Each structure stands twice: as structure tokens, then as C-alpha cells.
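Visitor: coordinates for the following, if possible.
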Amino acid sequence: MMIYKNIEYCFNKGESKDVNVRGWVHRLRKQKDNIFLTLRDSTGIIQCILPFTEEYNKVTIESSVEISGNLIKDERSPSGYEIHANNMNIVGLAENYPIRKDFSVAYLNTVRHLWNRSRKMQSIMKVKSEAMSAAGEWFKENNWYQTTPPIINNSACEGGSTLFELDFFGNKAYLSQSAQLYLETLIFSLEKVWSSTTSFRAEKSKTPRHLAEYTHLEGEQAWANFEDILKVEEELLTHIVQRVVQNNHKDLEFLKQDVGYLSRIKTPFDRITYEEAISFLNKKGFDMKFGDDFGTEEERQLTSNLDNPLFLISAPVEAKPFYTKINPDDERMVLSADILAPRGFGEISTGGQREDDIESLTRRIKKEGLNPKEYDWYMDLRKYGSVPHSGFGFGLERIVRWICNLDHIRDTTPNPRSVSKSYP
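Guide: This is a model prediction of the structure:
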């Protein structure tokens, strides 16, 4: 096998020089005298021209190859360059590749392990990687500590109806809906903490924005009130978007996203209160009353004509979990806020101030039908030196869906998990 000592990448362009590249055959066209193939690696694609030989004629779509040759500038090529190859080694000869043009979405989801090789998925995963990196960068620059909360626990955070139950050495346990309660334990020593963990929701939903397993970007901050945490959320999200625009503009263009529009995302975000939103929607023909929740259509209507994210401020007490702080100025409401992505992409985060009064917290837990004994440890946080504190949770895949302008959230993750899909 021919292994080159110095390997270049498809996207690393020079002119009129000898190069050694390796990757997978993305496209292939064979003629009498020449073989034209497009090579794909982690950086992009480049066209290669080889002489027609019996050995080279064996190559197939998705075969892994090593190629050496001369790099030539050619504006007719997809990348503006091509390689005039003088040698090719077929490392892994691929069988007849099952994916061709114009296959249905349903079929592509059954061969997701192969569809992940597509340029579309490659660009999405690069954007997602950059978004995660940008989040970590912002937290570090602003003196937040990354932590590692558990994803196996025995108490609900967001309500028992969406819990995945499991047997944990003979005892009942659940997969985490959120790291929030555990992050709160750390604010008493580290003050500002964050995590990126997998969360699980057993929602039997088939909407374009729901996954049963997703990446949860969460933060909790001591000595922070409602306004403090809203500022954190909008600055973090804006930083993520601008980093992606800066470093992944070609991926966004390939995905047909308007890069100019994203580059104009800025703070502060506009705001609309819960009751203002109900009034606005009813003028648009909806029939909503106080206490109703906002679904996909309502959120789409609120943001379809916006280019900047929108804070949906406050919510009825009954609509949010027990740990949200009741608004002292209006006890019908809690100090909670959702960020709605513009252009109809809907909710991508929920945040707000946490309840630090133990009596109020106890009443809420009982009212929601939860067992107070299961939350004794959480109550201890209020018994011993409680402080005003706030936090938030972003659904990373929802952010990526918006940034990449995708129709469905399943394309934001390599192996989506939903009510109808757990394989492969």
C-alpha cells in the first residue's frame, strides 16, 4: 500500500505544485482516455483527472483512495483547482453505493450511517462543531466553569410525563431531562457554572423541532437576577452566531443560508410579554386566553417577520416547573423567558430566575404532585446559604437548525433519536 509522508488537504490550495491527497470518491465519470473523479476529505472537495488504465477503472463511488499529482488552477473546476494525477492507490474499494440522487428523505434516514458522508451533513456538522466551540470560548472568556453533571438521576426536573425510566441496579431511575438541578449545587462554590450534556425527553412528538435525545447547553449563576441572566443568554447566543458566520460562511452558503442576515444578529434582543403575545396573536386570528401555552404555529407567527431573536418574557405559574421564581409584582406569573429564533424557527432556549425561598418551593413541589422527599437534597440548597440565582438551557440542535436554515431538526445530529427512530 502506498502511504504518502506529506498529505495535503483538498481545501489547502496552492498552484502548480506536486501534492499528495487522500479521501473518498465523491463523484465519478469515466471516459475513453481519462477518469474524472471528485475527491472528498474533511476540508472539502477537489476534482482529479487520471489517465484511463485497467487498474484505475476499478475505482467506484465512495472508494477510499490516495492520489498524487500536480495541482493546477482551473476556474471550470468546482473548487477552482484540479489535480492532474500521476498515481492513484485504491485503499478501500467500495461496493455499489446505495445512495444516488433524488432518494427520498425516508430512505436517507434508513441509511443515516452512510448519509452522514454527504456534503450537506458534513457542512451541518462543521457548523455544529463551531457552535459548541464558540460556546465554550464565551464561557471561558467570561469566567464560567465547565462542569460534568450526571445524566442518571431519580427525580424529575421538567415533569414526569416525559421521563425515560430505567433500572439502575435494581432501583428505579431516569435519564436526565436537564442538568439544571445539579448545576445549582455548584453555584455555591464556583458561582458561574455551565455544562454541555445529553438530555432526554420522552415526548411522542413528530414535529420538525423535537428530538428524544439532544445536546443541552446549560448555565447557572449565583447572585444573578432575571435581567442578569437574560443578558448572559443574548450575549452567548450572539457570540455563537457570529463565530459561525466568521468561520463557516462557506458551509452556510452551501446550505443556502443568508449569511448577511446572520451577520446582523445583535444584542439587545427585542422583547414581548406573555400577555402582549396573546393579544398580538388574537389579532392575527388565533383564539388564545390567559394560561394557554405557545405551540409551533404561535411561535412561528410571533417571529416570522423578524430578523433578530425575540425574548418571550414571563409565563403563568402553572406553565413552568416548580423551580421558577414567582414574580413578586404579579403572583400569577413567573420570572421566566424563552428565546424565539427569528423567521419562524421557534423556541431555542428557556431561562429565568430560580426560586430561592424554601417555603414557596415546597408548596410548588407539592402542588405539582411530586414527592418532596425526592427533593430533600435540592431543599438543602435553600437551607444553607441560599442566594438569588438564575440560569438557562439552550437546545443546541435547535440553534443549529436555525443557523443552518434546516427544515427538520433530525439533520442537526448524526444519529437522530425520535419516537419512531432508534436505529442505527
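Visitor: any weak-confidence spans in the stretch 251-400 of the chain?
Guide: By pLDDT under 70, the stretch 251-400 of the chain contains no weakly predicted segment.
Visitor: can you list the domains in this protein?
Guide: With domains defined by automatic domain parsing, the chain comprises 17-92, 112-412.
Visitor: compare those domains and give me the one nearest Cys10.
Guide: Across the domains of the chain, Cys10 has its closest neighbour in domain 17-92 (4.2 Å, CB to CB). Just so you know, the C-beta spots here come from the backbone N, C-alpha and C atoms, and that holds for glycine as well.
Visitor: any idea of the mean pLDDT for the closest one?
Guide: Averaged across domain 17-92, pLDDT comes to 94.
Visitor: now the end-to-end length of it.
Guide: Using CA to CA, to the nearest Å, one end of domain 17-92 lies 27 Å from the other.
Visitor: after the strand or helix carrying Glu359 comes which helix or strand?
Guide: Assigned by DSSP states H and E, Glu359 belongs to helix 358-367. Proceeding N to C from helix 358-367, the next assigned helix or strand is helix 376-383, under DSSP H and E.
Visitor: what is that next one packed up against?
Guide: Secondary-structure packing of helix 376-383 (3 or more CB pairs under 8 Å, 6 or more residues apart in numbering; DSSP states H and E): helix 180-190, helix 358-367.
Visitor: out of the ones you listed, which is the most enclosed?
Guide: Highest mean neighbour count among the helices and strands packed on helix 376-383 (mean count of other CB atoms under 10 Å): helix 180-190, with a mean of 19.
Visitor: which strands and helices lie in contact with that one?
Guide: strand 192-200, strand 213-222, helix 376-383, strand 389-395.
Visitor: for Asp292, which of those is the nearest?
Guide: For Asp292, the closest of these is strand 389-395, at 22.0 Å, according to CB to CB.
Visitor: starting at the chain centroid, how far to that closest one?
Guide: Its chain's average C-alpha position is 15 Å from that of strand 389-395, according to CA atoms, centre = their mean, to the nearest Å.
Visitor: reformat the domains of the chain as TSV; add distance to Ile99.
Guide: What follows is the domains of the chain, written out as TSV (distance: least, CB to CB, whole Å):
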stretch	distance to Ile99
domain 17-92	9
domain 112-412	6
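Visitor: what's the closest of those to Val419?
Guide: Once these are compared by CB to CB, domain 112-412 is nearest, at 4.9 Å.
Visitor: neighbours of the closest residue to Val419 other than its chain neighbours, how many?
Guide: In space, and not counting its chain neighbours, Val419 is closest to Lys204: 4.9 Å by CB to CB, 6 or more residues apart in numbering. Neighbours of Lys204 under the rule other CB atoms under 10 Å: 11.
Visitor: what about the strands in the stretch 101-250 of the chain?
Guide: Under the criterion DSSP state E, counting those that start in this stretch, the stretch 101-250 of the chain contains strands at 145-146, 152-153, 165-168, 171-175, 192-200, 213-222.
Visitor: output those strands as CSV; include the columns distance to Arg100 and mean neighbour count.
Guide: Output for the strands of the stretch 101-250 of the chain, formatted as CSV (distance: least, CB to CB, whole Å; neighbours: other CB atoms under 10 Å):
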stretch, distance to Arg100, mean neighbour count
strand 145-146, 43, 14
strand 152-153, 42, 15
strand 165-168, 40, 10
strand 171-175, 38, 15
strand 192-200, 33, 21
strand 213-222, 30, 23
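Visitor: looking at those, which is closest to Tyr375?
Guide: Among the strands of the stretch 101-250 of the chain, the nearest to Tyr375 by CB to CB is strand 152-153 (11.2 Å).
Visitor: ok, the closest one: who's next to it in the sheet?
Guide: Using DSSP bridges, strand 152-153 pairs in its sheet with strand 171-175 (antiparallel).
Visitor: show residues contacting the partner strand.
Guide: Here strand 171-175 makes contact (CB atoms under 8 Å, 6 or more residues apart in numbering) with 151-156, 163-167, 200.
Visitor: and it with strand 192-200, angle?
Guide: With axes from the mean of the first three to the mean of the last three CA atoms, to 10 degrees applied, the angle from strand 171-175 to strand 192-200 works out at 110 degrees.
Visitor: can you spell out which helices and strands pack onto the longest strand seen in the chain?
Guide: Longest strand of the chain, by residue count under DSSP state E: strand 17-30. Here strand 17-30 touches strand 34-41, strand 44-51, strand 64-73, strand 81-92, going by 3+ CB pairs under 8 Å, 6+ apart.
Visitor: that's all I had, so thanks and see you.
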